[in-house]
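J.: coords please:
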Amino acid sequence: MHRARPTRRKCLGIIFLLFLCFIFLYPDNPGPQTVWPRPREIISKIERDLEVSEEVEIYIEASTQNEKVNQYVKKSLKLFWDDMKTRKDHRARRSAIEASVIPRINISIKSVDPFAPPFGDNEKYTLIVLEGAIEIKAEAFWGVQHALQTLRQICTVYDLGDTRQFILPSIEISDAPQLPYRGLLIDTGRAFLSVPHIKKVISGMSMLKMNVLHWHITDDQSFPIEIKKYPHLHTDGAGWLGYTHNQGTYGAPQTPGRFYSQKEISEIVEFAELRGVRIIPEIDMPTHTRSWGRGYPEIISKCPSYVSQRASHLKGQYVVNLQLDISVPKTFEIVEAVISEVWDLFPDPIMHVGGDEFFPECWEEDVAQTERIYQTLSEASFLTRRRYFDRKIREIIKKKGESSGTKKNIMYWSEAFTDGVIPGIQETTSTIIQIWNARELASTTSSEFPFVMSNGFYLDLQYNDLAWWNFYTRNPLQGVPYQNHHLFMGAEACAWELTESPSYSNELLPNELTGTWFRGWDSKVWLKLIAFSENVWSGPSIRSSSESSVAPVIREVVSRMKSFGIDMPDFCQPYHLDVNNPEVCFPKY
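T.: Below is the predicted model:
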């Protein structure tokens, strides 16, 4: 059958259609990039390129202004421009895009207390980008910070050779977090994390609109915080044991004597506040205190048989958990000094005092301590002793609050409730429980105490059911009685026993099988944390319902965060490790 050849006119028509397809599929300016975590509402305006430059005029509404607001807004905008001028995902162009120049940024803050700790309602913001101005309307300073993070994400940067051009879409975004508490735990009681690393973690959290850094400062293995009244706590206790995890050091050097000076801590706290991240310090007591005894052995329980039994052939004495000796007055003198100095360093209205993983065998073995405690208590069961210690802690905190004119709520791990220590206390509204163990979920969430959920959100675990998709989809309220949902503050992902090293290492697993378990921060944390951040900010009504649809967006977020200097492996499919080139992909674990 004879087929007619296409005419010249038809060929030109086909070429023209292909050209149009190319223009629409691969536009010169790709438009707004994905905002992450995805906001409650995006209203696109006129399809128009708008240009913003560092010379843009800043107007802060008169009712909003005070010295700290003006100072922090200026600092935040400087951070914004520093990031935009150095970000690595710019696009090369020979000439500038024709665009209307935005002349000013208008900022208004509604709250009369713009620096109350970021906690949900005071993080709301509206961002409007129009030809006449960029409008940022916020409940508090934290909303301004979130709006600037969103602005970073929707801005396209063009490299023109000797300068850069910053192009924004015309857009309106109204946004607020689903959960008021969106946290991340870091653990410096096991492996020392440098100040630059902690700052980088905070910067990454700010990009993801996470608002709580829970700093687990001390543990059995290290006391890495300067306490001026009792300096041997840190000079003798910091990094005394070194970092070991199942016979692997993971590139983490021994860190004896490395601690955070009070000056460094104040610097970190200020760094975090400017980025909308509050820091809750944790000094774990009365357990996980072996490091305290390196400088002051008289305040630690004496139980050598218990120590020998707890030691592991995989970890040596790394897993030995010692308790304070609560029968000697000096213990509470030191505890009071620690609480007082930590209180002054961290202005957040929450202080975490641990209270987890109590093993009675140590107190039971320490006969001398038992004899002394009878001088104070008529009945010396382990529960009575623990309640006695908790009562003393509360007295110290109340005394410090009265003398400083400030108040702090007390946060505990869930064992403090399930072991019977805090049930029955009167100050339920000032007591917060952090739930990490599924076994304690039902009883703890049925209590009258506000709670934060970490069960199911451990970043260091390797199990396959904790892949990034589970961090994205897991309901933090899973298993919580409906009538107690009003006590739910939010969720926290926990990065236990991780090192700064980005390398992958093999270790011997407890079942004697050789396997791969990653202890490096970059490969273990960021992918899950990115997924977790949208879970806790956006909630189920906004987030994607399929893994295949959200994976490309997360890949974009990974690339963007890397362009801002947050180190992490690339995100790729499938989620497996290439043993010949392990830096290529995130593991699925």
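J.: Model confidence score at the nearest residue to Gly295 once chain neighbours are set aside, please.
T.: Distances taken as CB to CB, 6 or more residues apart in numbering place His232 nearest to Gly295, at 2.8 Å, with adjacent residues excluded. (C-beta placed from N, C-alpha, C; glycine too.) pLDDT recorded at His232 is 97.
J.: now Ile46
T.: 73.
J.: Neighbours of it, how many?
T.: The tally of other residues near Ile46 (other CB atoms under 10 Å) stands at 10.
J.: same check, this time on Ser446
T.: For Ser446, the number of neighbouring residues by other CB under 10 Å comes to 12.
J.: In contact with the residue lying closest to it once chain neighbours are set aside, which residues?
T.: In space, not counting the residues next to it along the chain, Ser446 is nearest to Pro481; the distance is 5.8 Å by CB to CB, 6+ apart. Residues near Pro481 by CB atoms under 8 Å, 6 or more residues apart in numbering: Ala442, Thr445, Ser446.
J.: Relative to Glu365, which of the residues you listed is nearest.
T.: Glu365 has its nearest neighbour among the contacts of Pro481 in Ala442, at 32.7 Å by CB to CB.
J.: Is the closest one in a helix, a strand, or coil?
T.: Under DSSP: H, G, I helix; E, B strand; the rest coil, the three-state class of Ala442 is helix.
J.: how close does it get to Gly479?
T.: With distances taken as CB to CB, to the nearest Å, Ala442 is found 7 Å from Gly479.
J.: again, but for Lys110
T.: Note on Lys110: its distance to Gly479, by CB to CB, is 37 Å.
J.: following the worst-scoring helix or strand of the chain on mean pLDDT, which helix or strand comes up?
T.: Lowest on mean pLDDT, DSSP states H and E among the helices and strands of the chain sits strand 514-516, with a mean of 39. Per DSSP states H and E, the first helix or strand lying C-terminal to strand 514-516 is helix 521-537.
J.: distance between that following helix and the chain's centre?
T.: In terms of CA atoms, centre = their mean, to the nearest Å, the centre of helix 521-537 is found 9 Å from the chain centre.
J.: packing partners for it?
T.: strand 181-187, helix 195-207, helix 468-473, strand 488-495, helix 547-563 (3 or more CB pairs under 8 Å, 6 or more residues apart in numbering; DSSP states H and E).
J.: what angle sits between the last one and helix 195-207?
T.: Spelled out, it's helix 547-563. Calculated by axes from the mean of the first three to the mean of the last three CA atoms, to 10 degrees, helix 547-563 forms an angle of 130 degrees with helix 195-207.
J.: Could you report the separation of Ile42 from Asp83?
T.: Where Asp83 is concerned, Ile42 sits at a distance of 22 Å (CB to CB).
J.: Ile268 - nearest residue in space that isn't next to it in sequence?
T.: Leaving out its chain neighbours, the residue that sits closest to Ile268 by CB to CB, 6+ apart is Ile198, at 5.8 Å.
J.: surely the one you found meets Leu184?
T.: No - applying CB atoms under 8 Å as the test, Ile198 and Leu184 come out as separate, 11.1 Å apart.
J.: between those two, who's got more neighbours?
T.: Leu184 (26 against 22).
J.: Hmm, that one is touching Met210, no?
T.: Yes - assessed by CB under 8 Å, Leu184 is found in contact with Met210 at 6.0 Å.
J.: got any residues that touch both of the two?
T.: Leu529.
J.: burial of Tyr458, as a residue count?
T.: 17.
J.: Report pLDDT for the nearest residue to it once chain neighbours are set aside.
T.: Distances taken as CB to CB, 6+ apart place Cys494 nearest to Tyr458, at 5.2 Å, with adjacent residues excluded. For Cys494, the model assigns a pLDDT of 97.
J.: who's in contact with Cys494?
T.: Contacts for Cys494 (CB under 8 Å, 6+ apart) come out as Leu184, Leu185, Asp187, His214, Trp436, Ser454, Phe457, Tyr458, Leu459, Asp460.
J.: Is it bridged to anything, and to what?
T.: With DSSP bridges applied, Cys494 shows beta-bridge pairing to Leu185, Tyr458.
J.: Test my guess that Pro281 contacts Met351.
T.: Yes - contact status for Pro281 versus Met351: in contact at 6.3 Å, counting by CB under 8 Å.
J.: more crowded one of these two?
T.: More crowded of Pro281 and Met351, by other CB under 10 Å: Pro281, with 24 against 20.
J.: and that one, backbone torsions?
T.: phi -80, psi 150 (degrees, to the nearest 10).
J.: any idea how far Gly120 is from it?
T.: Distance of Pro281 to Gly120, given as CB to CB: 21 Å.
J.: Distance check, Lys68 against Lys199.
T.: From Lys68 over to Lys199 the distance is 21 Å, taken as CB to CB.
J.: out of the two, which sits in the more crowded spot?
T.: Shown here are Lys68 and Lys199; by other CB under 10 Å, Lys199 has more neighbours (15 against 11).
J.: Quick one: residues contacting the more buried one.
T.: Counting by CB under 8 Å, 6+ apart, Lys199 has contacts Ile268, Phe271.
J.: how about a cut-off of 6 Å?
T.: With contact taken as CB atoms under 6 Å, 6 or more residues apart in numbering, Lys199 is in contact with Phe271.
J.: Quick check: pLDDT value at it.
T.: Lys199 is assigned 98 on the pLDDT scale.
J.: cool, and Phe24?
T.: What the model reports for Phe24 is a pLDDT of 33.
J.: ok, now which ones touch the residue nearest the centre of the chain?
T.: By CA atoms, centre = their mean, the chain has its centre lying nearest to Leu184, at 2.7 Å. By CB under 6 Å, 6+ apart, the residues touching Leu184 are Met205, Met210, Leu213, Ala493.
J.: change it to 7 Å
T.: Met205, Met210, Leu213, His214, Glu492, Ala493, Ala495, Leu529 (CB atoms under 7 Å, 6 or more residues apart in numbering).
J.: Could you report the neighbour count for the nearest residue to the first one once chain neighbours are set aside?
T.: Of all residues beyond its chain neighbours, the one nearest Met205 is Val277 (5.4 Å), with distances taken as CB to CB, 6+ apart. Residues near Val277, counting by other CB under 10 Å, number 27.
J.: More neighbours: Ile42 and Asp83, which one.
T.: Neighbours per residue (other CB under 10 Å) separate Ile42 from Asp83, with Asp83 holding more: 19 against 16.
J.: check which helix or strand covers that one.
T.: Going by DSSP H and E, Asp83 is part of helix 67-86.
J.: Kindly report the same for Leu213.
T.: Per DSSP H and E: Leu213 is located in strand 212-216.
J.: tell me the average confidence for that strand?
T.: Confidence over strand 212-216 (mean pLDDT, whole number) is 98.
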